[in-house]
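A.B. asks: Mind looking at a prediction? Sequence and model below.
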Amino acid sequence: MVKTRTVSPAHREQAIQVAVEELTGLALQERGLTVLLARQAPESLAGGPRERVEAHLRQSREHSRIFDERVQALKAHRGSGELLAAYVRSGLALVAAVGATVGQTATLPLARLRKGGPQERLLENAGVEGGVLANKLVILTAVAKAAELSGDEQTRAALVRVRDEATKTWEQLLAATPGLMDGLVTARAAAA
């Protein structure tokens with residue numbers, strides 16, 4: 001026999017507020033990721049690598065839309081304090097993604113000096129992309145639980161679907177990483 005946990009109204013309300021905060025932060029993070037992916041796509045090799053990045057870019061835009069929709073559905077529960085907390089706390093992921101992009105731009109001359117060129121940047125971009133994906137997967141898992149506690153089955157189901165899609169993207173990124181390293185080693189060997 002499965003025991004069902006009873007959730008108090010105060011607990012349910014807190015779960016909704018946490019979900020709104022984290023979904024707002026995830027939407028911000030996705031927007032930052034789209035900046036990185038939009039810059040990375042033209043730099044990627046034509047064919048499979050570029051198609052993977054472009055598919056992730058489309059997915060990221062769609063996930064941002066889903067997060068915004070779920071926040072709007074819960075907006076009756078959103079107060080200015082919760083929204084401010086979401087921008088401050090969860091928005092740090094956006095700052096990290098944009099900061100990594102700025103850092104990569106600043107280190108472009110170093111990548112050329114190290115003779116890694118575009119292949120070096122592709123591997124660095126994949127590292128940033130992976131970091132954002134890992135953070136997204138952790139937060140999605142947590143927010144799905146908050147949605148469950150709030151009784152919002154529609155949000156929980158949407159987040160589980162998004163998490164499954166993000167997991168597949170993570171696996172594709174990991175599968176592509178050895179090829180990126182091979183390209184970097186080949187580029188450096190040719191430049192030596």
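C.D. replies: Looks like it came in fine.

A.B. asks: What ranges in the chain fall below the confidence cut-off?
C.D. replies: Scanning the chain for pLDDT under 70 picks out 1-5, 76-116.

A.B. asks: Pull out the buried positions in the longest helix along the chain.
C.D. replies: Ordering each helix of the chain by length in residues (DSSP state H) puts helix 153-191 first. Neighbour-count burial for helix 153-191 flags 155-156, 158-159, 162-163, 165-166, 169-170, 173, 176, 180, 183-184, 187 (criterion: 16 or more other C-beta atoms under 10 Å). Using the backbone N, CA and C atoms, a C-beta is placed for each residue, glycine as well.

A.B. asks: Surely D68 touches G25?
C.D. replies: No: applying C-beta atoms under 8 Å as the test, D68 and G25 come out as separate, 11.9 Å apart.

A.B. asks: out of the two, which sits in the busier spot?
C.D. replies: Taking other C-beta atoms under 10 Å, D68 and G25 do not tie; G25 has more neighbours (24 against 16).

A.B. asks: From L149, how far off is the more buried one?
C.D. replies: According to C-beta to C-beta, to the nearest Å, G25 and L149 sit 18 Å apart.

A.B. asks: ok, Q59 - contacts?
C.D. replies: E165, A166, T169 (C-beta atoms under 8 Å, 6 or more residues apart in numbering).

A.B. asks: Do a quick rundown of the helices in the chain.
C.D. replies: Using DSSP H, helices in the chain cover 9-43, 48-73, 80-85, 92-106, 108-113, 117-150, 153-191.
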